[in-house]
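Visitor: Pasting the sequence and the predicted coordinates here, then a few questions.
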Amino acid sequence: MAIDEDRVAIETPEHVAVSYELAGIGSRVVAMFVDVVIQAAGLAVIALVLLWLSPVLERIIPGASLTGWILLASGMLIHIGYFIVFEIIWNGQTPGKRMTGIRVVRTNGTPIRAVDSFIRNIIRLVDLLPGFYSFGLISLFATKRMQRLGDLAAGTMVVKERTWDLADQPTESLTPSPPGATAAPTIRATGRLDANELAAVERFIERREELDPATRTRLAAQIANSLSPRFPHLPPDQTADAETFIEAIYRAYLTGPHRS
């Protein structure tokens, strides 16, 4: 792995070279602000419900301030659970991160796992100390990959979302197509893939010769079906053969300009 100022170059376990631009302090602060506003709104709803139920709760355990304890516990659960749930279902993003175009990934370039999200967000309680994310901010400025303590513990980092624009130029077949397949189509209009979609294409191209014919055909169809909505401008004859369609996309990304 190489770090050049605000950019990290790594090689994934699939031997795919990937370059990420680290998310800046500004985008992370804005993302946090959006997420905190959403959390506050959720907590406000819970507070209103508890206020309505407070007479009942008081009768259950008189004088125990049960409403206050439930509200405190709800606040902690929302603050930690919010990030864990969204980072798992949205692959490293929360509403705030999605709005600002940043994402949590593992330091080896692979998508964040549930256990990674759990660790980085449990340690968030330490990052908060002694107040206003003081430890977290110190860690961000002290580490090359701008990691807070939770990221260091989980082996994660926050990067800018990577998308690519297909080159407005013809594409050529990268490797021999399967018997009976047509030549890779020409892709001229613009389409966009995210990092995970491109990684799926790269892994298939690199490993397809190792697959048995049935598995190779099935995987190609799955990948092509998931990507075809990205390219509604292409005529049906250019997407009819799954593997040559994938080849064309891969060649377009290899030969054309892309951006992070």
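Guide: Yep, it's here.

Visitor: for the protein, which spans come out with low pLDDT?
Guide: Counting by pLDDT under 70, the chain contains low-confidence ranges at 1-5, 11-18, 61-64, 162-192, 194-195, 233-235, 237-238, 253-260.

Visitor: can you give me the strands in it?
Guide: Counting by DSSP state E, the chain has strands at residues 2-4, 7-11, 17-21, 102-106, 156-160, 163-165, 192-194.

Visitor: Quick one: neighbours of residue 203, just the number.
Guide: 16 (other C-beta atoms under 10 Å). Where you see a C-beta, it was placed from the backbone N, CA and C, and this is true even at glycine.

Visitor: swap in residue 142?
Guide: Around residue 142 there are 9 residues (other C-beta under 10 Å).

Visitor: Could you do the one 5 residues further on as well?
Guide: Around residue 147 sit 22 other residues, with neighbours defined as other C-beta under 10 Å.

Visitor: How about residue 133?
Guide: 16.

Visitor: quick one: the closest residue to it other than its chain neighbours and residue 158, what's the gap?
Guide: Spatial nearest neighbour of residue 133, excluding adjacent residues (C-beta to C-beta, 6 or more residues apart in numbering): residue 127 at 5.6 Å. Using C-beta to C-beta, to the nearest Å, residue 127 is found at 13 Å from residue 158.

Visitor: neighbour-wise, which of those two wins?
Guide: Shown here are residue 127 and residue 158; by other C-beta under 10 Å, residue 158 has more neighbours (24 against 21).

Visitor: show me the contacts for residue 97.
Guide: Residue 97 is in contact with 31, 35, 103, 104, 158, counting by C-beta atoms under 8 Å, 6 or more residues apart in numbering.
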